[in-house]
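Q: pasting the sequence and the predicted model now:
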Amino acid sequence: MRIGVAATPDVAIPTLNWLLQSEHEVAVIITQPDRPAGRGRLLQQSVVGQWAESHQIPVLKPENSNELIGKIEGLDLVLTIGYGVLLPEKILALPKHGFLNLHFSLLPAYRGAAPAQRALHNGETVTGVSVFQLDRGMDTGPIFTQESIHIEPSWRSFELLEHLAALGPEVVKRSFGMIESGQPPHEQVGVSSLAPKISKAEAKIDFSLDAKQLSDAIRAFTYEPGAWTIWKDEPFKVCAVEISDAVVGKPGEVFVIEKSVYVATGSASLELLRVIPAGKKEMDAIDWARGARLTIGEFFG
């Protein structure tokens with residue numbers, strides 16, 4: 001089949017690499033327009049745009065979805081992976097078999113922009129991927145294939161996404177096989193839930209919550225947008241923690257015991273493992289604590 005791929009983030013790369021080696025033709029890549037990035041705010045194309053350029057595949061970067069009219073009608077289908085744009089029905093109908101989406105949840109659970117992060121935030125132990133037919137709804141179309149995965153307790157969002165992305169080639173392959181053999185998708189079954197994008201405000205750490213809730217939130221928000229608090233009037237990110245009963249104190253109170261840093265919560269405590277102080281790179285929490293010269297009775301927040 002002649003395939004178009006509409007994608008933006010690096011989670012699309014494993015599936016793109018598989019497509020390149022498959023019997024299918026990757027005819028065009030559709031990705032979001034170049035955006036300012038870095039300290040210099042220079043225009044930079046997406047990870048997927050860079051991939052397409054390196055493999056000499058034509059790239060479309062529409063500012064408006066109507067720009068796709070006249071450019072994708074000759075395709076058998078378009079596969080979307082984290083493209084980040086809701087497409088109208090008139091665009092979805094242009095390719096022969098329409099648009100498919102590789103989504104990082106077991107639909108109908110976690111429809112929306114941040115399914116992996118929301119699964120971690122809610123303390124889920126199992127999630128997965130779904131390939132479904134795009135329709136006018138938000139991740140509501142019929143499903144071709146799904147594959148589940150167990151969530152390891154230590155995984156943060158970027159690690160979970162890496163494992164989910166690795167499932168992409170197989171489920172996409174199976175879905176394409178169903179289309180070629182004329183097998184229809186099935187309607188979504190089960191309880192639906194939403195996974196809206198996580199805001200920076202939501203990612204602020206509330207140490208009055210219990211330790212398990214905080215651990216799940218920090219796993220979910222690392223590295224985007226980053227779980228953060230305030231330390232001496234400056235933002236301070238927490239990247240990795242473990243639940244501990246080593247200290248008892250008021251929520252947000254910081255303790256250094258031997259070679260470990262702890263913060264009290266609404267229940268139990270958290271051992272801080274990796275942090276990003278304002279203006280610095282990620283480091284071990286104990287290295288930050290030594291440099292910060294902590295005193296008794298200091299608090300985050």
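A: Perfect, thanks for sending it.

Q: for the longest strand that the chain contains, buried residues please.
A: When the chain is parsed with DSSP state E, its longest strand is strand 234-244. Residues of strand 234-244 classed as buried by neighbour count (16 or more other CB atoms under 10 Å): F236, K237, V238, C239, A240, V241, E242, I243, S244. Glycine gets a C-beta too; all of them are placed from N, C-alpha and C.

Q: in TSV: the residues you listed, plus pLDDT.
A: Shown next, in TSV, are the buried residues of strand 234-244 (pLDDT from 0 to 100):
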residue	pLDDT
F236	98
K237	98
V238	98
C239	98
A240	98
V241	98
E242	97
I243	97
S244	95
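
Q: which one of the residues you listed is nearest to G266?
A: I243 (12.4 Å; CB to CB).

Q: any idea how far the closest one lies from D76?
A: 49 Å (CB to CB, to the nearest Å).

Q: ok, now T8?
A: Distance, T8 to D76, using CB to CB: 22 Å.

Q: how about the helices in the stretch 151-300 of the chain?
A: 157-180, 211-221, 285-292 (DSSP state H, counting those that start in this stretch).

Q: between these, which one is closest to I151.
A: Closest approach to I151 among those (CB to CB): helix 157-180, 6.3 Å.

Q: give the buried residues for that closest one.
A: 157, 159-161, 163-165, 167-169, 171-173, 175-176, 179.

Q: that one: how far from the chain's middle?
A: Remark: helix 157-180 is offset 14 Å from the chain centroid, using CA atoms, centre = their mean, to the nearest Å.

Q: that helix to helix 211-221, inter-axis angle?
A: Between helix 157-180 and helix 211-221, the angle comes out at 60 degrees (axes from the mean of the first three to the mean of the last three CA atoms, to 10 degrees).

Q: so which elements touch helix 157-180?
A: helix 13-21, strand 77-81, strand 99-103, helix 115-121, strand 126-133, strand 143-150, helix 211-221 (3 or more CB pairs under 8 Å, 6 or more residues apart in numbering; DSSP states H and E).

Q: swap the cut-off to 10 Å and go again
A: For helix 157-180, the elements it packs on are strand 2-7, helix 13-21, strand 77-81, strand 99-103, helix 115-121, strand 126-133, strand 143-150, helix 211-221, judged by 3 or more CB pairs under 10 Å, 6 or more residues apart in numbering; DSSP states H and E.

Q: compare those and give me the one nearest S46.
A: Judging those by CB to CB, what sits closest to S46 is strand 2-7, at 8.0 Å.

Q: partners of the closest one in the sheet?
A: Strand 2-7 has the following sheet partners, assigned by DSSP bridges: strand 25-30 (parallel), strand 77-81 (parallel).

Q: okay, those, which one's buried deepest?
A: Comparing the strands paired with strand 2-7 by mean neighbour count (mean count of other CB atoms under 10 Å), strand 77-81 comes out on top with a mean of 24.

Q: what angle separates it from helix 13-21?
A: Using the same axes, to 10 degrees, strand 77-81 lies at 150 degrees relative to helix 13-21.

Q: which SSE is immediately downstream of strand 77-81?
A: Next helix or strand after strand 77-81 toward the C-terminus (DSSP states H and E): helix 89-92.

Q: pLDDT on that next one, on average?
A: Helix 89-92 carries an average pLDDT of 96.

Q: so what does that helix touch, helix or strand wise?
A: Against helix 89-92 (3+ CB pairs under 10 Å, 6+ apart) you get strand 77-81.

Q: domains of the chain?
A: According to automatic domain parsing, the chain is divided into the following domains: 2-180, 211-292.

Q: of these, which approaches V189 most closely?
A: Of all the domains of the chain, domain 2-180 comes closest under CB to CB, at 7.6 Å.

Q: ok, back up a step: need the buried residues of strand 234-244 in TSV with distance to E89, can you?
A: Formatted as TSV, these follow (distance: CB to CB, whole Å):
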residue	distance to E89
F236	46
K237	41
V238	43
C239	42
A240	43
V241	45
E242	48
I243	47
S244	52
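
Q: direction included, what does the helix or strand of the chain with the lowest mean pLDDT pair up with?
A: In the chain, no helix or strand scores lower on mean pLDDT, DSSP states H and E than strand 35-37, which sits at a mean of 79. With DSSP bridges as the test, strand 35-37 is paired with strand 42-44 (antiparallel).
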